[in-house]
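[1] 3D model of this:
(2 chains)
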Amino acid sequence: MAPGTDRGQATRRAAAVSFRVDATDGAARAGTLVTAHGEIQTPAFMPVGTKATVKSLHPDEVRALGAQVILGNAYHLHFRPGEDVVESLGGIHAFSGWRGPVLTDSGGYQVFSLRDTIRSLDDEGVTFRSVYDGADARFTPEEVAEIQRRLGSDIAMCLDICLPADAPGSEHESAVRLTTLWAERQARAPRAPGQLRFGITQGGTDVELRSRSLDEICALPFDGFALGGLAVGEHKLEMLDCVEWAAPGLPAGLPRYFMGIGDPVGILEVVARGIDMFDCVLPTRTARTGSALTWEGRLNLRNARFRADAGPLDEGCVCPACERFSRAYIRHLVTQDEILGLRLLSLHNLSFVLDLTARARAAIERGTFSAFRQDALARLACVPEEES
RNA sequence: UGCGACGUCGUUCAACGGCAGGACGACCGGUUGUUACCCGGUAGACGCUGGUUCGAUCCCAGCCGUCGCAG
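    Numbers count the residues shown, from 1 in each chain, chains lettered A, B, ... in the order given. Okay, here's the model as predicted:
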């Protein structure tokens, strides 16, 4: 099948009930995804809350910033506190206090990014050592489906194999093969009531492998599809070229999820290529190491030049950090390792990407996305990668 | 005032009669399905004055300073 051809006949049924495209502008789409805990307007940035918390923030704060859905992680929640505990407390929503939609990652990314902990890998599953206590553990598609069923998330991700970009071709081929094998099994596993399930494609930026993965994964009855294994060390242009042809290769009637992108430019570029959902630790992680995402670019608040800067992190921003705190104060908090510094930067950075994404949606609805993107990239002091 | 100990990057510790090293801090990068983690880079010191020696941060003397004990 040629790149760009719509796949996923088998999944059209699910599309009708859970997802609709509200507007398109070029390849960019504005849509609505219906979940058991509310609707998600796309494009949507999903803050990462690995351990059932967006680090340092109260769920109401996250909601107030405009987040519609957050991530949780099956790997981490399986080991701490255990899906049995979460289930007994009423599921991840009741447990965490976040009442909106939750997407849980399968833990595949954790297992395969912590490569040193892998003991053995076979068609059945993967055996590895837990990062918490070194104990042997084993993930299979059935196991991660069960963990996510008991967590009670709204969207469950498949167990996949995510490799670094520089892994040998033979490993990428094997990753594609096993990811499909596991997806076929996970697609048949029990799930929580109303829980959606997303398939994940692999294959890096290799046209042949990615195309094969698209064919195989999109033939399965999932409620949405993801591009996995990107933004893992490959060149940015190469990644965007891949998204450009691979995103339209995902079923048009279902949500398209780019796993792991969250820098402002990256967000604009994948949305422009037809991506509906994306998550990333970047806004919150860089916040905790003292960086702010702004229209001036990324600022390192530890820099001495902010020592007595009375201005807000980003001019015109209305987030809880910018509304009353100076760069000088936040720099002081950050250099002195005060918790409030991490919180304020986390609030600001999430606000920045959530607001950027919301504006992108509004532009798509108005049919002005192309101009919006050009303007935003220019403001971010970036030259658009290409005209299209 | 006497006796003693000690003076090495901003701080805290090393080493050594022949290129003075680390940690933390500072300064600057990085971070893309998350440890407040972590990674990379840069700058930065032998208290002062003499003496011994081919050569002294090191040995000796004096001075200055710090700390302890005594008064």
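
[2] for RNA strand B, what's its nearest residue on the stretch 51-200 of chain A.
    residue A:162 (2.6 Å; CB to the nearest atom of the strand). For every residue, glycine as well, the C-beta is placed using N, CA and C.

[3] need the contact list for that residue.
    With contact set as CB atoms under 8 Å, 6 or more residues apart in numbering, residue A:162 has these partners: A:108, A:109, A:112, A:113, A:175, A:202, A:228, A:229, A:232, A:259.

[4] so it belongs to a helix, correct?
    No - under DSSP: H, G, I helix; E, B strand; the rest coil, residue A:162 falls outside any helix and is assigned coil.

[5] quick one on the thing from earlier: now the contacts of residue A:162: which count as buried?
    A:108, A:109, A:112, A:175, A:202, A:228, A:229, A:232, A:259 (16 or more other CB atoms under 10 Å).

[6] which ones among these map onto helices?
    A:108, A:109, A:112, A:175 (DSSP state H).

[7] wait, the third one touches residue A:171, no?
    Read that as residue A:112. No - applying CB atoms under 8 Å as the test, residue A:112 and residue A:171 come out as separate, 10.2 Å apart.

[8] between the two, which contacts overlap?
    residue A:163.

[9] now stretch A:343-353, how far from the centre of its chain.
    16 Å (CA atoms, centre = their mean, to the nearest Å).

[10] please apply the same query to stretch A:86-103.
    19 Å.

[11] try stretch A:204-222
    19 Å.

[12] quick one: average confidence on that stretch?
    Mean pLDDT, computed over stretch A:204-222, is 98.

[13] stretch A:270-284 too?
    On average, stretch A:270-284 scores 98.

[14] sorry, back to before: would you format the ones in helices among the buried ones among the contacts of residue A:162 as a markdown table with pLDDT and distance to RNA strand B included?
    What follows is those, written out as a markdown table (pLDDT from 0 to 100; distance: CB to the nearest atom of the strand, whole Å):
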| residue | pLDDT | distance to RNA strand B |
| --- | --- | --- |
| A:108 | 96 | 5 |
| A:109 | 97 | 4 |
| A:112 | 95 | 8 |
| A:175 | 97 | 9 |
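
[15] and which of these is nearest to residue A:280?
    residue A:109 (12.1 Å; CB to CB).

[16] find the nearest non-adjacent residue to that closest one, please.
    Closest residue to residue A:109 apart from its sequence neighbours, by CB to CB, 6 or more residues apart in numbering: residue A:162 at 5.0 Å.

[17] any residue of stretch A:283-303 up close to RNA strand B?
    Yes - using CB under 7 Å from any atom of the strand, stretch A:283-303 reaches RNA strand B at A:284, A:285, A:286, A:288, A:289, A:290, A:291, A:298, A:300, A:302, A:303.

[18] what lies in contact with that stretch?
    A:47-48, A:54-56, A:262-264, A:306, A:313-317, A:327, A:330-331, A:334-335, A:341-342, A:345-346, A:348-350, A:352-353, A:379-381.

[19] that one: end-to-end distance?
    18 Å (CA to CA, to the nearest Å).

[20] how about the helices of the stretch 1-150 of chain A, start to end?
    A:12-18, A:59-64, A:74-79, A:83-88, A:92-96, A:108-113, A:141-151 (DSSP state H, counting those that start in this stretch).

[21] so who does residue A:197 touch?
    A:145, A:155, A:156, A:157, A:158, A:186, A:187, A:191, A:222, A:223.

[22] now intersect those residues with the helices, please.
    Going by DSSP H, the helices hold A:145, A:186 from the contacts of residue A:197.

[23] can you put the contacts of residue A:197 in TSV and add distance to RNA strand B and neighbour count?
    Listed next are those as TSV, based on distance: CB to the nearest atom of the strand, whole Å; neighbours: other CB atoms under 10 Å:
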residue	distance to RNA strand B	neighbour count
A:145	13	27
A:155	12	27
A:156	11	28
A:157	5	31
A:158	7	31
A:186	11	27
A:187	15	18
A:191	16	17
A:222	13	27
A:223	15	22
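
[24] among the contacts of residue A:197, which one lies nearest to residue A:245?
    Nearest member of the contacts of residue A:197 to residue A:245, counting by CB to CB, is residue A:222, at 20.2 Å.

[25] from residue A:253, how far off is that closest one?
    Note on residue A:222: its distance to residue A:253, by CB to CB, to the nearest Å, is 12 Å.

[26] what is the burial count for residue A:260?
    22 (other CB atoms under 10 Å).

[27] mind checking pLDDT for it?
    Value for residue A:260, per-residue pLDDT: 98.

[28] ok, the residue nearest to it when sequence neighbours are not counted - contacts?
    Take residue A:260 and drop its neighbours on the chain: the residue closest to it by CB to CB, 6+ apart is residue A:231, 5.0 Å away. Residues counted as contacts of residue A:231 (CB under 8 Å, 6+ apart) are A:239, A:258, A:260, A:261, A:266.

[29] spatially central, which residue of chain A would that be?
    residue A:279 (2.1 Å; CA atoms, centre = their mean).

[30] what's the distance between the closest residue to that one other than its chain neighbours and RNA strand B?
    Excluding its sequence neighbours, the residue lying closest to residue A:279 (CB to CB, 6+ apart) is residue A:46, at 4.1 Å. From residue A:46 across to RNA strand B, the span is 9 Å (CB to the nearest atom of the strand, to the nearest Å).

[31] give me the neighbour count for residue A:46.
    24.

[32] OK, contacts around it?
    Counting by CB under 8 Å, 6+ apart, residue A:46 has contacts A:67, A:68, A:69, A:70, A:71, A:103, A:277, A:278, A:279.
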